[in-house]
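Trainee: When you get a sec, could you give me coordinates for this:
(2 chains)
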Protein chains: 2
Amino acid sequence: MDKKPLFKNTDSLSELGEFGLIDRIAHLFGRSGNADEIGIGDDCAVLPGGDDRSLLITTDMLIEDRHFRRDWISADDLGYKSLAVNMSDISAMGGKPLYAFLSIGLPDDLPLDWIEQFFRGTHALANIHGVKIMGGDTTKSPGPMVINYTLLGEIKSENILRRSAAEPGDQIAVLGNLGESGAGLKLLLEKEPPFSSDEQKLIKAHNRPHLFVDEAQFLAEFGGVHAMIDLSDGLQSDGGHIAKASNASLVVESENITITKPLQNVCQKHSWSHLELALASGEDYGLLFTISREKAEALKHNFKAKFGYSYNIIGEVEPGSAELKLLNKGKLFDIGKMGFDHFRADNQTKK
Amino acid sequence: MDKKPLFKNTDSLSELGEFGLIDRIAHLFGRSGNADEIGIGDDCAVLPGGDDRSLLITTDMLIEDRHFRRDWISADDLGYKSLAVNMSDISAMGGKPLYAFLSIGLPDDLPLDWIEQFFRGTHALANIHGVKIMGGDTTKSPGPMVINYTLLGEIKSENILRRSAAEPGDQIAVLGNLGESGAGLKLLLEKEPPFSSDEQKLIKAHNRPHLFVDEAQFLAEFGGVHAMIDLSDGLQSDGGHIAKASNASLVVESENITITKPLQNVCQKHSWSHLELALASGEDYGLLFTISREKAEALKHNFKAKFGYSYNIIGEVEPGSAELKLLNKGKLFDIGKMGFDHFRADNQTKK
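Mentor: Here you go, the predicted structure:
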C-alpha cells in the first residue's frame, strides 16, 4: 500500500469536493490493471460475467435531508426514484438491469404505511423492467432515513458503452428533457405551493424521472454509438466527463437543445434562465451519447421506427481540449463551473 | 403485485422488529422460484456465475450511533470492520470474497485524517484476502456517518453451504470465540476506562473481529459440512435460523462451549454470565456449521492438518422441532429470546 498521505494539510472535505475525494481514494486503491475489471471512474464497474457477457454493477446512497425531503416527495415516488437512479447507471453503459439489493436505514417513528408505499413504488418499477429485488439489509437509523441500492445488470461485453469512446466527428445526442428536474428542485427550494400545472410537471420530473431502459439497450445493440453517460450531474458536468475520458472536445450548440414547453413557461414566469437549467442542473437521468457519422443515418431511422420518436442532436465531437465547449449561435459561451458536487457548500438541499 | 396491505393497523416498526419487517417485505417481493437465484433469507443472495460457478452477494449498512460510535472505535478499525462483516457473510456460505463496493455518507466536519485512516483500514483487510474495491458512492451526510458495503464473492455451485441443509445426526461445530465481542460491547456500554488488558482484548474482539475466510472455503471444498451460517446475531439466534431453515432441532450442550480466559476473567470481575454472553450476544463473526457423521473424522483430521487448530464441537442435530435447544449438563435450559434485533427497544447502542 502507498504510504504517502492522501491529503495535504490544507485540504478540507468541503474544499476537496466529492470528485476530489474520489480521486484520492482511487489513488489509494489503485485502478484495476485488468481490462475486464473496470473500477472507480465509469458509471458502473464491469466484471466478467461468463462467456461473452459482462456484469455491470452500480450503487447509490440517498440520505434524507441531503438528497430528498419527505415533505417534497411521496413514499411511492421515493421508492421509484431510489431504484431509478441506479437503473439509469446501468443504462448509461447500455446494459440490462437485472438484480437489486436494498439497504435501508429507517427512523423508528416512520409510519408503516409510508414504508409500504415506498416498497410498492420500488417494486412497481422493478416489475416493469423485470428487475428482481434479491436481498439487502434493514436497520434502524437514529438520524435521517438512508437508502442504498446496489444494482447488477448484464451486457454482451463487446456492446459496452464507455465514457472514453467518443471520437472526433461523432454527433452528440441527448435523450430526455434537459433542465426539467433541476427546475422542479428549484421550485421546491425557492417557491411555495400551490404550484401551477406546468410547475407540477417539473416537480414530477424531479421526483419521478423518466428512464430510457429499453432505448439504452437498443443503442448498445444496434451499433454506431461510441460513448454514453447518463445525465445525473447535468449536461455540462457529464459532457465534461465524456470529453475528459475520451480526450476530445464536446462542442454543443445551445440553440439545438430542446427546451420543453413547461420549462419555457415556468422559466418565463420566474425570470429563470432555461439554458442555465438545461446545462448545469442535474438529476434528469436522460442519456448523453456520441454517434459515429457512418452509422448516424441508419441509427436515426431505426431508433425512430422502434420507439416512434427521435433523440436530439445537440453538437459534434472535435479533436483537442478535453472539455465541453458551449456555443450560442456559433459563438463560445462561458457558463462557468456549475455542475452539482455533493461536497460543495452551495447547491445543497436546504432545510 | 399483491394488493393486500402488508401491515396490520396495530403494527408498529418497534413491535414488528427487523425480522418481522423483512418477512413482510419478502412477502411483497415474492421469493424467487428459480433454484439458481436465491433471494431474501440466507446470508447471501446466490446468482448464476457462468459454467459451474455461482455469485454470492451480500450488503450491510452501518449507521453511526446505531452500529458504532466514533469514540469507541478507531477509524482504522471501523474501516476494517465495515468490510469484515460482509466478508463474514460470504464465508457463511463457503465462498471466496472478490469485489467490494462502498457507499459512504460523510459528515462535512469529518477530519480528513480520520477518512484516510478509515480507507487504509478497509484497504489493508481487502489486500490480505485479495478483495478489490471496485467502486461505490461518496456523499455528504447531514446526520450520522453511514457506511454501506456490497460484496461479491464466488463459489463452485455444488459447494454452496446453506442454512437449510442440516440433517439429524450431524455434529454441530463452531469456529470463533463466542461471547467475546458481546462482552466488549458491554464494557463500552456500561464501564469506564481505563480497561484491563483482558478487557481490551474483548473490546478488540468487538472492534476488529477475527475472520475465517480461508477456513470457510476449506470447509465448503472438503465436503462433509451440511449447513453453515456466520455468528452475527449470536449462537441462539443464528442456530435458530439453521434449525428453522432445516426443520430440525439443534441441541447444544453449554458445557461444550469454549469460554476464553479473557472472557472468564472479565465475567468474574463484573459478575456477568459468560454463558449468556456466549449464547445471546452477537457480532463474533465466527462460523456455526453442521457436519455429517460419515465425514466427521476425515474433516477433523484434515482441518487440523491444514490450519493447526481445531473447531469446537458443541452439540448434535436431532429430528423434530425447528429450534435451538440448549442443555446444561444434559438438562434443558431456557435462556429466553435474547438474540439481537435492530428494531427491538432494548439492546441498542446507547449514547
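Trainee: where in chain A is pLDDT low?
Mentor: Applying pLDDT under 70 to chain A flags the ranges A:1-3, A:9-11, A:18-19, A:22, A:27-41, A:335-351.
Trainee: which residue sits closest to the residue of it found nearest chain B in space, ignoring its chain neighbours?
Mentor: Nearest residue of chain A to chain B, counting by Cβ to the nearest Cβ: residue A:50, 1.9 Å away. Bear in mind the C-beta positions are built from the backbone N, C-alpha and C, glycine included. Distances taken as Cβ to Cβ, 6 or more residues apart in numbering or on different chains put residue B:50 closest to residue A:50, at 1.9 Å, once the chain neighbours are dropped.
Trainee: show me the contacts for residue A:64.
Mentor: A:70, A:144-146, B:143 (Cβ atoms under 8 Å, 6 or more residues apart in numbering or on different chains).
Trainee: coming back round to it: look up phi and psi at the residue of chain A closest to chain B.
Mentor: phi 90, psi 140 (degrees, to the nearest 10).
Trainee: any idea which residue sits dead centre in chain A?
Mentor: Geometric centre of chain A, nearest residue: residue A:232, 2.5 Å, by Cα atoms, centre = their mean.
Trainee: Residue A:238 is in contact with that residue, correct?
Mentor: Yes: counting by Cβ atoms under 8 Å, residue A:238 is a contact partner of residue A:232 at 6.8 Å.
Trainee: quick one, helices of the stretch 151-300 of chain A?
Mentor: All helices of the stretch 151-300 of chain A, identified by DSSP state H, counting those that start in this stretch, fall at A:180-190, A:197-207, A:213-222, A:235-246, A:261-270, A:274-280, A:293-307.
Trainee: wait, which of those is closest to residue B:20?
Mentor: Closest of the helices of the stretch 151-300 of chain A to residue B:20 is helix A:197-207, at 29.5 Å (criterion: Cβ to Cβ).
Trainee: before we move on, the earlier item: which residues touch the residue nearest to residue A:50?
Mentor: Counting by Cβ under 8 Å, 6+ apart, the residues that residue B:50 touches are A:48-51, A:53.
Trainee: Point out the ones among these that are inside helices.
Mentor: With helices defined by DSSP state H, no entry of the contacts of residue B:50 lies inside them.
Trainee: Name the member of the residues you listed that has the highest neighbour count.
Mentor: Within the contacts of residue B:50, neighbour counts (other Cβ atoms under 10 Å in any protein chain shown) peak at residue A:49, which reaches 22 neighbours.
Trainee: For residue B:249, state which of the contacts of residue A:64 is nearest.
Mentor: Distances from residue B:249 to the contacts of residue A:64, taken by Cβ to Cβ, are shortest for residue A:146, at 38.4 Å.
Trainee: So for residue A:182, what's the nearest residue that isn't a sequence neighbour?
Mentor: Among residues not flanking residue A:182 along the chain, residue A:281 sits closest, at 2.2 Å (Cβ to Cβ, 6+ apart).
Trainee: just to revisit the earlier point, dump the helices of the stretch 151-300 of chain A into CSV; add mean neighbour count as well.
Mentor: Below are these laid out as CSV (neighbours: other Cβ atoms under 10 Å in any protein chain shown):
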stretch, mean neighbour count
helix A:180-190, 23
helix A:197-207, 20
helix A:213-222, 20
helix A:235-246, 23
helix A:261-270, 17
helix A:274-280, 22
helix A:293-307, 14
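Trainee: domains in chain A, as residue ranges please.
Mentor: A:31-159, A:163-332 (automatic domain parsing).
Trainee: Does residue A:118 lie in a helix or a strand, and which?
Mentor: In the assignment (DSSP states H and E), residue A:118 maps to helix A:112-128.
Trainee: gap between residue A:232 and residue A:195?
Mentor: Using Cβ to Cβ, to the nearest Å, residue A:232 is found at 24 Å from residue A:195.
Trainee: which residues in the stretch 51-200 of chain A form strands?
Mentor: In the stretch 51-200 of chain A, the strands defined using DSSP state E, counting those that start in this stretch lie at A:53-63, A:96-107, A:132-141, A:146-156, A:171-175.
Trainee: Turn those strands into CSV, including distance to residue B:129.
Mentor: Shown next, in CSV, are the strands of the stretch 51-200 of chain A (distance: least, Cβ to Cβ, whole Å):
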stretch, distance to residue B:129
strand A:53-63, 19
strand A:96-107, 21
strand A:132-141, 21
strand A:146-156, 20
strand A:171-175, 42
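Trainee: Of all these, which one is nearest residue B:138?
Mentor: Nearest of the strands of the stretch 51-200 of chain A (Cβ to Cβ): strand A:53-63, 8.5 Å.
Trainee: Any idea how far that closest one is from the middle of the chain?
Mentor: Offset of strand A:53-63 from its chain centre (Cα atoms, centre = their mean, to the nearest Å): 12 Å.
Trainee: Strand partners (parallel or antiparallel) of that strand?
Mentor: The strands beside strand A:53-63 in its sheet (DSSP bridges) come out as strand A:45-48 (antiparallel), strand A:146-156 (antiparallel).
Trainee: Pick the most buried one from those strands.
Mentor: strand A:146-156 (a mean of 26; mean count of other Cβ atoms under 10 Å in any protein chain shown).
Trainee: tell me the angle of that one relative to strand A:96-107?
Mentor: Angle, strand A:146-156 to strand A:96-107, by axes from the mean of the first three to the mean of the last three Cα atoms, to 10 degrees: 170 degrees.
Trainee: show me the contacts for the spatially closest residue to residue A:169 that is not a sequence neighbour.
Mentor: With sequence-adjacent residues excluded and distances taken as Cβ to Cβ, 6+ apart, residue A:169 is closest to residue A:293, at 5.2 Å. For residue A:293, the contact set (Cβ under 8 Å, 6+ apart) comprises A:169-171.
Trainee: repeat for residue A:241
Mentor: With Cβ under 8 Å, 6+ apart, residue A:241 has these contacts: A:163, A:229.
Trainee: Look up how far residue A:92 lies from it.
Mentor: 10 Å.
Trainee: so who does the residue lying closest to residue A:159 once chain neighbours are set aside touch?
Mentor: Excluding the flanking residues, the one nearest residue A:159 by Cβ to Cβ, 6+ apart is residue A:220, at 4.3 Å. The contact partners of residue A:220, by Cβ under 8 Å, 6+ apart, come to A:93-95, A:155, A:159-161, A:228.
Trainee: redo that, cut-off 7 Å
Mentor: Residue A:220 makes contact with A:94, A:155, A:159, A:161, according to Cβ atoms under 7 Å, 6 or more residues apart in numbering or on different chains.
Trainee: List just the nearest of those residues to residue B:77.
Mentor: Residue B:77 has its nearest neighbour among those in residue A:155, at 38.4 Å by Cβ to Cβ.
Trainee: neighbours around the residue nearest to that closest one when sequence neighbours are not counted, how many?
Mentor: Excluding the flanking residues, the one nearest residue A:155 by Cβ to Cβ, 6+ apart is residue A:95, at 3.9 Å. Neighbours of residue A:95 under the rule other Cβ under 10 Å: 32.
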